[in-house]
Every structure is written in structure tokens, then in C-alpha cells.
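K.L.:
build me a structure from this.
(5 chains)
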Amino acid sequence: MESSSSLSFLLTVPLMGALISLLVPKASQRLYAIFGSVLFLGLTVYETASLLFCKSAEEAARLAIEHRLDWVPDLGLSLSLRLDSVSVWFVVLNALVAVLAFSTRGIWYRKSPGLFTGLGFFLLFALNAAFLSNDLIAFYLAYESVFIPMIFMVGIWGVRQKAASVFRFFLMSFFGSILMLVSIFYLVREGAVSGAGYSSHLSDLIRVASGLGPERSAWVFLGFFLAFAIKVPLVPFHGWLKDVYTNAPVPATIWMSAILSKLGVFGMIRFVVPMFQGVILEHQAVLLSLAAISVVYAAFLAIRSSSPKTLLAYSSISHLGFVMMGVFSMKQAGASAAILLSAGHTLASGLLFFLLAQVEERQEGLDLNTAHGLAGRYPVLFTTMFLAVLASVSLPGTMNFAGEFLVLLEAYPSSALWTAVAGAGVVLGAVYMLRFYQQLGLGSPGSSGNGASGSAEAAGTGDLSGLDLILVIGLMGMILAGGFQTAIFLKGN
Amino acid sequence: MTLDLVPLTPWLVLCAGILITMMVSVVRVETRRPAQVFTLLTLAATLISALSSVAAEPVTLFGGAFEASALTRVTLALLSGLGILFVVGTSDYLTREKLHYSDYYHLLLILILGAGVLVSSRDLVAAFIALEVMSLPAYTLAGFRRNDSRSNEAAIKYFILGGAIGAVFLLGTSFLFGSTGSTNLGAIQAWSRSSGGPDALFRVGQVLVIASFLFKVAAAPFHFWKPDVYEGAPVPVTGIMATIVTSGAFLFLVRLAHLPEWSDPAWAQNLAEMKLVFRLAAGASLVIGSAVMITQKNLKRMMAYSSITHSGYLLLGLLGTLEHPEQIQSVLVYLVGYSLMSTGVFVLLSLSQAPGDSGVELVDVTGLMKRSPALTFLWAVFLFSMAGMPLTIGFFAKYFVFLSSISGGEVALVVLAALCTVVSAYAYLRPVALMVMREADPGAAVWDARYKSQIVVVLAAAAVLFLGTMPNAMIHYLKWIPLIR
Amino acid sequence: MLITLLVFLPLFGFLVNGAIALGSKADSKHPPAVLTGAIATLAMAGSFVLALVLNAKLRALGGEPMAIEESLFSWIRLGTHSVDFGFRFDRLSAAFTLVITGVGSLIHLYSIGYMSHDSGVARYFAYLNLFCFMMLNLVLGQTLPHVFLGWEGVGLASYLLIGFWFRDGEKVRAGQKAFVMNRIGDLGFLLAMFVGFHAVGTLDAVALGQSVMAPKLAMLFGVLIFLACTGKSAQLPLFTWLPDAMAGPTPVSALIHAATMVTSGVYLLARLQPVIAGSPATIALIGGVGAATALIAAILACFQSDIKKILAYSTISQLGFMFAACGVGAFESGVFHVMTHAFFKALLFLGAGSVIHALSGNQDIFRMGGLRKSLPFTFWTFSAGWAAILGLPPFSGFFSKDEIIHDALVSRHGSLVLSGVLLFSALLTAFYMTRLYVLVFFGDSRLSAKEKAHVHESPFVMTIPLMVLAGASLAGGWFGAPVELASYEKAVRAPASAHTLVMVLSVAAALIGAFVARARYSRNTDSEPVLDPFRIDRFYGQVFGRGVYRLSDAIGRVLEETLVQGFLRGTAAIVDLSGNLIRTVQTGSAQTYLLMMVLAVAAVVSWIFFGVTGYGKF
Amino acid sequence: MIAFEPWMMLVVSVLIFCIGLFGLIVRKNLLVMLMCVELMLNGANLSFVAFSKMHQLIEGHLSVLFVMTVAAAESAVGLGLVIALFRTLRTVDSDQIQLLRD
Amino acid sequence: MDYRLLAFFIFSTIAVLGSLMVVLKKNPVASAFSLVIVFFSFAGLYALMAAHLVAALQILVYTGAIMVLFVFVIMLLNQDNPVEDLRASSGVFKGFAALCTGALAYFLIRVALLAREVTPRGSLNDEKIEELGGNVRVISESLFSDHLFQFELTSFLLLGAIVGTIALAKRKTVKGEAGT
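P.N.:
Residues are numbered from 1 along each chain as shown, chains lettered A, B, ... in the order given. Below is the predicted model of the structure:
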């Protein structure tokens, strides 16, 4: 594996994909997008395989690639890319989610599909750039660039109050990220004052951050924390999430819940934790409490959701609360577990949104207050959905269980109370996820009286089959494989 | 006394160009083309001569009243470049609105000369004259739609307030003269090193001159004229005011902010005082601009408030220069970036065939995506850049002023600015949202996409994107430009 | 490899049957029950044979501790400690494995007949096999996470099987209730693992069980584990799901909710026995809860009229006996009762299933009667089960129940009250079982005409398991407790003759209960209303069931809408308002602007004049 | 005995300046407003000369000359604007020119 | 009494009163003539400070050129009588304006008065100027040496003013006039 070539490959190929999508005829955009993203996934895995499946932390450290490209040399700004045992997971998941999102069907493949695939590939690029960045300014740039395709996707193909929701999404995220930018600048300036020159490279900023006093350090931390807490989101900062998840087109929802939220997780693990160990340890109880409250609070919201999409949106918050518990446990194993759980959540929630979209294609007007009883009509679809639900409630054997178990195990010594509170989310998770599944799949169809029969679109009357089924089975396989072969995630311990 | 004219070449080229252009248009009265062509030639020649001599040794001429340095040359180049963009970009508008007179070009050239000389002035009285050389054409141009009462109103408001503020500047200058015995910046600087601190007269004079230039760049609380004037003036003139006038005035404001030698400990308290003034002005500009911007329905008026916030960002950069004069680069980068995006926005605005010149209302952009995807894309580029989104020059512009200001220790102010950025981002993105998400309103204006003005917009957009991804291309040159005090 | 094969055979059956279920089109001709049932049953029977072989090998092994271990791979790595995915076959596991595979095979066989008319039979057998797979993981798992895998897995299978007829919303909800209440217990399990791991540094079940923890931690650990057990084994306070779980097919009730899954709590306690027993508070709690459950469930059983519900409460009550045994430190008595109970309760359920099958779904004991003649096999085998649960010698229940009551009396943790409660529960058991027995099989027939015409004895595929289980119920107790968990010494406080006394007393209690019931119900066959004297279920429904929804609504309305969203809306409104306020200055009058500018300048000049900055006073 | 001192001029200068400013704010006739601007400029001029005298320098005088030029040019343009405005609005009342406002 | 002081008082009183009249007279013509008075008294004040050239130009430029222009425009626009539509500002507004400008004036005067004891930075006292050839000569020499830049710049100022005024004063747009 040539160091720089594999890194630049991860960035240039999606960009090329975006450019090529301008040339592809309208009718074959979907095929192109799926084919392209699958190819990219394959190539990504191939390129990163040795790092992905290596055995030990030492080997991973040896295989980590860092490449520094002077970008604005006059400012000491570099495009520092780093592919190591942390970022590699997010990069692979990113490619995987793209496949899933491109495999959806809907208006985005009918109304300016070229724009959709172009934006999708651009998003792939921006996310990869963010996950690979080892320079804070570069990371910020990539992090913000992610908004642009997202805004357009929701704006063009969204439904209902898409404008209001996309604004709320954007403004809240922007609020957080720009405060992060101020924090970054502060650190850069502190570094310059201390005589090291302007640099926003992570290693330099870690040094700078550790040199700040506790009080200043806490303020700077706050800037970073807010950005990522909004992105993830943690509970008091989640106000943007529900509407935009619900009103966005399905691929955008998949992207947001499966991978954009991981941007926050990644940022916490990669940047915040190493820079602000002291601050986090000092306020660990507060942070853990936020994470635990997120778990329970979002679960309570999910219990009464009448829209399945909203329910999944809240469940996303709930699960990411577990992830953040792992991050705030401030242990190597906790961070590894957070990545493991992130991967699990990416797969499970991506899959759930994907399958929900499949259900919606077949029956409109899904409402969780009435039973739809669709499982009898679409047994394969609902069997796979049930498996995804099980992953989501983190049944042992899935990645989600291994992750959640380890996360709580590592958080326990820091705060038994909040671990127990978060644990209650396990129970509540069962309540709302089963409700989700039961109201859609089980019960007697037609009892709701909303014209359940015959409203299915002509395109989607059949059961899950073909490419979709292969994709879903593949993802399920990954969830199970990851659930048992956790060692590759946990080599960092 | 012998005068070496060689360092003056770019300015002389511009002066000569003005005269030639005027003569040509007098000779060929029946058509406007010669004026246009010669204006372009003049500006191009100025641009080239300014850029080609950038590396020349900085000198002061005319007894220290005029500075020919990299900074002033680059500024002149910037101003002429913007002039070229506007001449090309808005000629379609002028033709359509039946405003295509050679006077327009003469006034534009004189305005550019005024702005260019203002930046080069190292004497307060000279600056006052240069300011008027810049302002008089600006007043006139604002009222250039002579049959439009709004345009007239804009001009007269601009004039009345500008005249009053000119007098304030003059009083301030006289106070400084009274305190230091000179109106020459170099002399004042020299005096400051030996004076052991300011007296009351100096401090008041300083405040007065700075207040008057805060007016010129429309920083709060001297911003009131801007929305009205922007709304009433013809679109190209608004663009010219937003770019050329602002650039010239702001760079001179930077000079004014550096009247004494701040590093002298005797001036520390005066420095703190002035910092507070700038801080308040910057904070107020940001808050007022961004808060009011989101309430606006008229895009031109919205851009006025937007430019008030941009003055606030520029002041952030200026605050940085007080501690670290080399941070002038942040101001320069911001000016270049802001000018580019403003050019794009105003030329785009001139493409709308909204009835009258009341300007483009938000409703006019609805459904533009369907009608013209290319225009929508261009709009999005400029508005995203204004909002400071990455991959556009707008991001780097903010990057610089934030960093500069933080270097000056203004962390709280930068946080405020960051919050205002969020608020204003809403205003910038709303038009984009209307273009993309809404169906075209039946009353929406027709957008004229045929004209060659699009060349300018595309160029500006390309520059915005290119400099946003490869900022080194610009920064490498701007970084080494010192602020000679 | 043998253990792995043993465990994975049912999984294989699950996969095959699952594929068949998904492959066959809904509502078209379904695959024959014989085929899918045969696959499932053979898988289970294979496991049973393997279990016998392994048991023989284990006995041949000798030595202490006796165990055969198979590690497959490292599952979860925790620093230096690795949680392996692997199996351990020791005497405790062996006992449970034999019960699971043995009784499981019989119930699979029985199901072929019972489910032959159902279109979802392939799915049914898939779930059943899945359950057995998970149950085997539970009892054979080396480490606690592995046990937990099985623990949750059986809950899942239970959920699927309770809601097997998924078009009936009621049944689906019963499944959900079971799953969620189990999950409450599972939370205890999870937390217990955290406590245990951080106290001892291992998650190996045996190592953890034999570890020494600080008393406080040991108590916490024990209580949390017991919380897990109350969920899975339907003890107070989490027992209310079990009666509802009877919504599933009857063989499922026999296998999962009588013989195997619900006893996994006893398994877990026995597995972790030294550390659990090490904490007196924990053990007292277990004993108290067990006895209370035994009593309360027995009382409740007396007021039921649904044959399966009576058996369900009976199961809860019997599980209470087992926990009471554990709670006095007599873990091996508990395990002994698990085994005998597995035989006779499975038998009773299957017998009840046979009755229901014969009556095409009628489950009300007041609408039966006189079935002795029309269902002879069922009657005779059921009688064996009846005798066993009453504890009549020489049936198996006699030995195990007697032992529990005796231990409760004489153990250091036991007491007269405890054993008295258990004895009284035994009396009630005799009462309600005899009530059921008499009402179903004796007296005049109270069937409807249609049912009368339809009544038939079940096919052999169903009666053979009955007969085998009847044999086991008779002889299952003759060989004593299958395992010795003698690490905990029982201090004898009573005279040696106590054992005889207890024996006499318990048989007398059984007989009294039986005679009272017979006296009352041989003539009086009028329908009795179903009573719920404790209203526990309703209480839960009100407080927790609806409470969660209320809380959720409250959070949604107050916190989410008012605070979170309200804050955002408020911020937007404030920004908008301030924008509009500032706008009002923009009157369009240049002179107003000028005045404000002058004001600003005057302010700054006066500020300088007054020397606010603290220097240059005038 | 009080002798004449140049600094006394400063008082007059500032007074005239502020009177001009006041007039500019309160008068509604655009022409008078332009006159007020002239007053302000004159006030500033006076202080220039006064300071020049006090410092024994000549620069102040020169400044005044330039300011006069500027004032002339400015009033020419200003009056031109007033005329243009009068053509369209038929008024020189500053209260009538409030079309542009929020 | 020093005649210069007396002259100062006279001229300054006239100037202040005159400017008040500019502001307060309802009739623009009256304002204009008050302004002329102010300009004249300013010329006197300049003369008092031996700024002879400035005094002369004050009369020539202001009174002779600028004021004529004003009066001309007043006449042109028929604004030569107090018109009713020239509503005065509201009392509150006026009062507030007076307060602000008054405060500004107070502080500026106080500040200016602090500069009484200024130490001269130059040496061009009246005697020296006489020695060098008089006020006009000294100014002229300075104008074409040290202040050449400003001087040249004024040419473009005037150019701009001319072009601008012409542009404004041109007659209405003729159809078809525009366009290249």
C-alpha cells in the first residue's frame, strides 16, 4: 500500500465520481451511482484491508499512514491526512453508507438525478476528507463542506416543511461548528504566541491545548464540545434532528443518521479527547450524565412517536448517547467500543431507514398508532427488518451489543449511576423498537381503516428481492460478523 | 525640489486615461462605445502598471503626502480590476435601463482615482480631498437615474450625511493639527514617538477622524445611510460603492487607526481606548447588520445590511492590526474576497428585470432553479461565500479576520462575530432556499440570462471558488505587503 | 467439537426451517408439518444423543472440577482479558442440557401433531429450534456475556413464539410484554456483569462464581443477578408476563414457559452459587421473594378458569419453590426441583395441550368435564403429572418438594415461617391442581354439542411424548439431586427426625388440599369468576405501562416541545424581534440618522472627556 | 488685561461648527441644510487657522484653501442634486424624501 | 482694551449670531444672507490672525462664488419665501438635537481650551512671515512645494464635480439616446 496514493485515492475517486455523474444520462444514473459506490467500497476495502484486518495495535500503528501536503504554506496550513485504526473505520463505513443511500428509489432518481448522484459523490468526498483530516482547519473545512450537499438534498427532494427543517439543521450545526472554529483559532494563536509558528496540525494543537490552564482550556473545550454535541447530537442540542430526519429524502436521512452523526463521534474521539483530557476528566460526571440522559430522553420521545421516521430519528439519538458514553469513559477500550458501536449503529440505522423506505414504497401513510400488519404480505422484507430491529435493540451477537456492552462496561467505573441510567435505555429501546416493528408488521391488516389495501405503488408491490435483498443480507451479515469478530475493532486496547 | 515621477506611474496612467477618455467622448458624442473602450483600456493599463511595479521600493513623495508602496499599488490594482469587472458586467444593465452615458464612465474613473489616491495619502488634508474626489462621483452616480425619485433621494441622503461627516473629519483633522502641529501621518507618527502620550486634543481629534471613516465604511453606529442609499442607487453603483468605495475607505481607516506608534508604552492606554471604540463599532455592526438582514425582503437592501456586517468583520481584522501590524493581510484578503463576491452579487442583481429599480425582492428569485440552474448555481456560490462556507473565498476571508482578531486578543468579540455569522447565514441561505425549494411565484421577475454580463459573474464565481480552495495563490502575494506607518 | 455440534444442531434446524418458511409463499400450500417437524425434531434428538454421550464422557472423566471445555474464538477483548466464545460442559450444565434436549425433543415431536393444521408450521419449528439453540448457549456458555447471549436469545425466541400468531394484536402485545419485562431483568444482568468484572477482573462464569468480592459488591452483584432471575423466571415483582405468555401455542408453553427457559434463573444462581451465597442479605432476599412468589402465585392459580393460566401460575409458584430453595442455600434442591418440575410440568402442559387440541381451542375448565373417557391416554398421563406436582410419593415431585421444604426448615438461612409458607403453598397447589383435574376429567361433560362431536384422542405423535414424560414424572425423583453443589454447608438446627416430619406434613398438606378441592368441585361445577385479588398486573399496567406513556407524553410536551423546541423558536423569535426593533430606527429621515450619529460621537467625546479610561484627567 | 489670543478662536470655531450641525439636523429645507454644511466647514476652517497661528505654522492656511475648493465643488454637486431631486419630486423638503426606509 | 480683542468679540458675535440666524430663519433667502454675514465676519477673524490670503479668499470664494450659487438655486427653485410645507421638526426632536449638539459643543470647547498653552511647533510667526515675503508668498511657495500633491488633486476634484454636475443637470433622457 503506497502511502500517499491510497490516501489521495480516497479523496480523488469520489470527486471524479461527482464529475462523471454530470455526463451520465438521466435514465442510468441510479445504476451508475450504485455501481460506482460499490466499486468505490470495494476499492476502499481493498486499499485499507491490511489496516482494517490487522491483528494488533502495534501492527496498526505501523500501518498508519500520514501524509502532509502543504496547502497554504504561507499560513502553515497543511492538508494533513491520516489513515489509522480510528479513521479507517469511518472511511469504510462512509463508502458503505453511500452504497446503501444510492440503492434507494424515489423522486431523486426522477427529478434531476444527475444532481443527486453528483451531490452524493461530493458528500462522499467531503466526509472522507473530514475523516482523514489530521489538521484542524482542514477538518473544519471538510466538516462544513458536508453541509452543502446535505442542504441541497433536503432542499430539492425533501418533503413538507423542508425549508424550515433544513434551516434549523444548518443553523444549529453551523452555530456549533463556528464556535469550534473560534476555538481552533484560539489554539492556533496560542501556538503562535508560544513561538512555534502558525500551525493547525493536530499534534501541535494537542501540545498547545495541554499547555492551557484549566479555565481557558475549559472554554476552548466548550467550543469543540458544542460543535460535536450538536452534530451527534446529545440531548439538549438535538432540536434540529427530528424535523430534518423526517422531511429529508430517504438517502439524505440515511446519510445523516448513519454517517453524519458519526462525524461528531469521530471529532470527539480524534480531536477532543486527546486535546482536552484534563477538562473531560474534571467534568466527566456531567458529560456522562448528558450522554445517559440522551439515551433515556430520546427513548422516551421515541416511545410515543407516531411517525416511523421520527421514531427512528429519536432512536438514533438514543443509541448515539451510548456511543458518547464510551467516548467520555476516557479509556482506550471505551473509545474502541464507541467506534464498534458507531459501526453497528451505522449499519443498523442505515438498514432500518432503508427498509422503512422500502415499506413506504409499498404503503403510504404509515402511522404507528395503528397496526398495519404488513409482515404477512412481505415476509422477507419484514424478516430482514426484524433482524435490523434486533440489532438496534442490541441483542447479543450483534455488533451493537458488543459495542453497548463494552461502552457501559468502561463507563461503569466512572459513574455507576449514569451507567445504570443509560442501561435503562436498553429496556426502553425494546419498548419502542418492538412497537415500531409490531405496528408496521404485525397485527391484523386493515383494522386501521386507512385504506391499507391497494394503495401500494405499482413499482413496489413485490416483496424484497434482487439487489436490495442482496444488499440487506450483506449488511446483516456484517452486523453479525462484527458482533462476533469484535477483535478487529478492539485491537487498540 | 525634484520630483521622481517613476513611482507614480500607475496613478499617472490612470490620470492620463481619465483625461484621454473624456476627450475621446467629447469628440465622439454620438456613441458611448469609445468611452467604454477607453475606460477599459485605462483601467487595464492601470492594473498592469500597478501590478508590474508591485515589487518596487516603497517611497513617499510630495513631502511625505503620498505613498507609493506595494500596499497602495495592490489596492490600485484591485480597484481597477473591480472597475473592469463592473464596466463589463453592468453595461447590459445600463443599456437596458437607458442609463448608458459616457458620464458614467468618467465618474467611475474619477471615483477609482479618488479611492486609489485616498489609500496612498499620507496627509489628512490630502486624504480629505481624495475622499471628496471619490465621494462626489459617488453621490452623483447614486443619483444617476435622474428620473427616479428613489435614486435622487439616495443621492441626496448620501450627500447630506457625507457632507456633514466630511466636516467632522475636517474638525478632527484640525484638532490633530492643533495637537501635533502637522497633518502628515508620518510627522504625526514621528511626533508620537517623542510626545510621551496623547493629549486630550489628540484623542478627540483621533476619535473624530475615525468616526468619519467609520461612516464611510458604514460601520455601526454610522451605518444608517447605507440601506437607504443602497436601495435607491442603481445596481451597478451600489456594487461600486460596496466594493471600490468600501475598499478605499477601509484601507485609509486602517491608516487612521495607526496614527500613533502603538507599540510605545506611553500610548498603551490610548490604544486600549481606541480598541474599545473599534470593538464597539465592530460588535454593533455585526449585531445590527445580521439581525436586520434577516428581516429584509429586498435583496439589495439586504446586501446593504450584509455589507454592514462585513464592515464589522473588517474591523475585526483591523483590531488585529493594532497589535500586529502585519495582520493588514487579513484586511486585504477580506477586501479582495468581499469585493469579488459583492461584484458577483450585484452583477447578478443587475440581471433581474424587476420593474423599476426598486431592486430584487425575495419573491423574484423563487423557483429560479427551474428557470435557470446556472444562475442558481452562481447565486449559491456567492451567497455561500458571503455566509463564509468553506471552499469559497468567503471562508478564508473570515478565517483571516478571525485569526487576526484573536491574535489581537479579541476572543469575546470573535465569539460574538461567530454567532452573528450564524444569524446572517440564515439570511444568505434563504434566497437560495427560495430558488431551490419554491415554485416560481407568478409575480417573480424575469431574469435576463442572455447578456454577456454573465462572463463577469462566471469569472467572479470561478475566482471565489478557486481562491476558496487554493488561497495560497492570493495569500502568497498579499502576505508580504507591509503596512507602512 | 461435540459440544459445538450439540449446540449448533438446533441452529442448523432453525436455518433450514427458516429458509423453508421464507421460501414458501404466504397463504399458499405450506410445507407439510411432518417434513419440517422431522427436521427440527431430528436436530433436537441429535443434540440429546450428543448430550448423553457427553454426559457419559463427563462421568468417566472423574476428578474435580469435572468439565469438558471447548473454546471457539475470542469474542470480546478487554485489555488483557479475553471473553472467549466457547462452551463448558460440567455437571450443572449437563443436567440442564439433558433436560433441554430431552424434554425439547419430546415437545418437538409432540408439536408435529399439535401444529399440523397451522400454515406457519415451518416458521414455528424454526423458532422452536432457535429457542433450543439459545437455551443451550445459556447453559453451556463459558462466560457471562455468552450466558447473556443465550439469556436474551431465549427471550427473543419466547417473544417470537408467544406472538407466533402475529395477526392477533393481543398475542403480539403479550409477547412484547414478556420481552420488555425480561429486559428489565436483563438490565440487572448487564449491570451485574459490570460489577463483577470491575470487582474481580474476569467474566468467566465459574471463575466469577467462585471469586471473593467485597461484601458490599457481592451483595450488589447478587441482587442484580437476582433481578435478572426475577425477570426470566417470573418471580415477584416481574412475574406478570408469564400468564400472558400462554398466548403462544401450548407446546411452547410446555417447553419455554414451564420446562426450560423460566428455570434459567435457577441455573444462573446455581452457576454463581458461591458468590451469591456469600452475601447473607442477597440470599435472604432470594428466599423471601421465592416463598412469597410461591404463595401468591398459588393463591392466584386458585381463581383462574383457563387451563393454561392455571398451569402458568402453577409454574410461577413452583419456580418460587425453587428460588426459596436457593434462598436457603439449598441450590441443589432447587436444581433437583427444576428437573422434576420440567418433567411433570411439561407433561401437564402437553396434556392440557392435548385436551385443547381435542376441544379445538376450548381452554375453560368449567366448560370441560368427563374427558376421562374420551381421552384415555391423556387422562392417565395427566394423572401422573397431577400426582407428581402434588408431591405424592413415589412421584418425582414428592422428592424434590419435600427436600425444599425440609431445607427451608433446617438450613441456617431457613426458618419456620419460610417452610410454613412453602407448606401452605403446597397445600394450595394440591387444591388448584385437583380443582383442575376434577373439573376437566371427572363429572359430567359440559362440552357444547359441536365439541362433543369433535372430541378425539390425540395422535400417537402427541401421546408418545406424554407417556415418556409420565414415566419421567414417576421415576424422575428416585435418584436424588443430579448435582452436588456442596460448597455451602447447611447447619442443622432441627432434630434428625425433622425430615420424617416434613415428609408427613407435606404429604398431608397435599392430601388435604386435594380432598378439599374434590369435595368442592365434584358437584359444584358452575363457572367461577376469574378473580385477581392482588391486582398486581393491573397495578403494573396503570403505573408502569401507562406511566411510561404518560411520562413519554409529558417529556414530549413539556421538555421537548416547550423547552428544547421552545428555546429554539424563542431564539429565532428574539433574533427576529431585535432585527425588527433595530429596523425601526431606519425611518428614512437622514436627519434622524445624523442625530444618532451625533449622539454617538458626543457620547465618545464625553467619555474621553470624563476620562473613563482612567487616565489623562482634564 | 485680557489680550486677544488665538485660542479664543477655537471657541467660536466649535460653536459655529455645532450650530451648523444643529441646523443640519433640525432644518427641513435641503438648501438650508446645504448652507449648514458650509457653516460646519467654516467652523473647521477657523480652527485650522487658529491652530496655525498658535503653532506658528503655515499649513493651516493651506488646508483652508483646499477646504474652500472642496466646499465649492461640494456645493456645486449638492445643489445639482437638489435640482435633480426637485425635478422629480417638486420639493426640497427633507421630510418628503423618505421613500427609502425600513 | 486691546483693539484686537474688541474686534474679535465683534466679529465672533456677529458670526455666532449670523449662523444662528442661518439656522433659525424660516426664509431660505434670509438664511442665505445671514450666511453671507457669517462669511464676512469670518474673513474678519482670519484677518485678525494675520491670515490675509485666507481672509481674501474667504470673501472671494464663499461670498462671491458659493453664496451666489446658493441664491441662484433658491431663486431657480422658487424657494425664496417661507413656505408652509417646510414644517419644522417636532419640539422633542429639536430639543434632543439641541441637547446633543450642545453637549458636543461643550465638550469640544472644553477640550479645545485645554490647548491654550500649546507649545508652538513652528517658527513662522508674523515677523518671520513678513521677513519671508509676506503671507501670500509663503503660502504660495508651500503650495507648490510641500502641498503640490493636494493642489494637483484638487484639479481632479473639480473635474469630478464638473462632470457630476453636468451629468445631473442634463436634460431628461431622450428615447433611444442610450445604448452603444
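K.L.:
measure how buried the residue in chain A that chain E sits nearest to is and give me the count.
P.N.:
Using C-beta to the nearest C-beta, residue A:74 is the residue of chain A that sits closest to chain E, at 34.3 Å. In short, each C-beta sits where N, CA and C put it, glycine included. Residues near residue A:74, counting by other C-beta atoms under 10 Å in any protein chain shown, number 17.
K.L.:
isn't it right up against residue B:473?
P.N.:
No - Residue A:74 lies out of contact with residue B:473 (C-beta atoms under 8 Å); the separation is 10.4 Å.
K.L.:
for chain C, what lies in contact range of chain B?
P.N.:
Applying C-beta under 8 Å from any C-beta of the partner chain, we find that chain C lies next to chain B at C:575-576, C:578-580, C:582-583, C:585-586, C:588, C:590, C:592-594, C:596-597, C:600-601, C:604-605, C:608-609, C:613-616, C:618.
K.L.:
which of those residues are buried?
P.N.:
By neighbour count, with 16 or more other C-beta atoms under 10 Å in any protein chain shown, the residues of chain C next to chain B hold C:575, C:578-579, C:582-583, C:586, C:588, C:590, C:592-594, C:596-597, C:600-601, C:604-605, C:608-609, C:616 as buried.
K.L.:
give me the subset of these touching chain D.
P.N.:
Of the residues in these, proximity to chain D by C-beta under 8 Å from any C-beta holds for C:583, C:586, C:588, C:590, C:594.
K.L.:
may I see the buried residues of the helix or strand hosting residue C:418?
P.N.:
Using DSSP states H and E, residue C:418 sits in helix C:416-441. Under the neighbour-count criterion of 16+ other C-beta under 10 Å, helix C:416-441 has C:418-419, C:421-441 buried.
K.L.:
and stretch A:402-421, by the same measure?
P.N.:
A:402-412, A:414-415, A:418-421.
K.L.:
just give me the neighbour total for the nearest residue to residue C:290 once chain neighbours are set aside.
P.N.:
Of all residues not flanking residue C:290 in the chain, residue C:323 sits nearest, at 2.9 Å (C-beta to C-beta, 6 or more residues apart in numbering or on different chains). Other residues lying near residue C:323 total 32 when counted by other C-beta under 10 Å.
K.L.:
and whichever strand or helix holds residue C:323, how far from the chain's centre?
P.N.:
For residue C:323, the host element (DSSP H and E) is helix C:307-327. Centre-to-centre, helix C:307-327 and its host chain are 11 Å apart (C-alpha atoms, centre = their mean, to the nearest Å).
K.L.:
could you point out which element follows it?
P.N.:
Remark: after helix C:307-327, the chain's next helix or strand is helix C:331-358, criterion DSSP H and E.
K.L.:
tell me which helix or strand comes right after that following helix.
P.N.:
Scanning forward in sequence from helix C:331-358 by DSSP H and E, the next helix or strand is helix C:371-374.
K.L.:
which non-adjacent residue is nearest the residue of chain B found nearest chain C?
P.N.:
Taking C-beta to the nearest C-beta, chain C has its nearest neighbour within chain B at residue B:224, 3.5 Å off. Nearest residue to residue B:224 in three dimensions, chain neighbours excluded: residue C:593, at 3.5 Å (C-beta to C-beta, 6+ apart).
K.L.:
list the buried ones in stretch B:191-203?
P.N.:
Buried positions in stretch B:191-203, judged by neighbour count with 16+ other C-beta under 10 Å: B:191-192, B:195, B:197-203.
K.L.:
with secondary structure and distance to residue B:254 added, can I get those in TSV?
P.N.:
Compiled in TSV, these are given as follows (DSSP: H, G, I helix; E, B strand; the rest coil; distance: C-beta to C-beta, whole Å):
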residue	secondary structure	distance to residue B:254
B:191	helix	20
B:192	helix	16
B:195	helix	22
B:197	coil	22
B:198	coil	19
B:199	coil	24
B:200	helix	24
B:201	helix	23
B:202	helix	19
B:203	helix	19
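K.L.:
which stretches in the chain count as strands?
P.N.:
Reading this off chain A. For chain A, applying DSSP state E gives strands covering A:65-72, A:77-83.
K.L.:
nope, chain C please
P.N.:
Secondary structure of chain C (DSSP E): strands at C:67-78, C:81-90.
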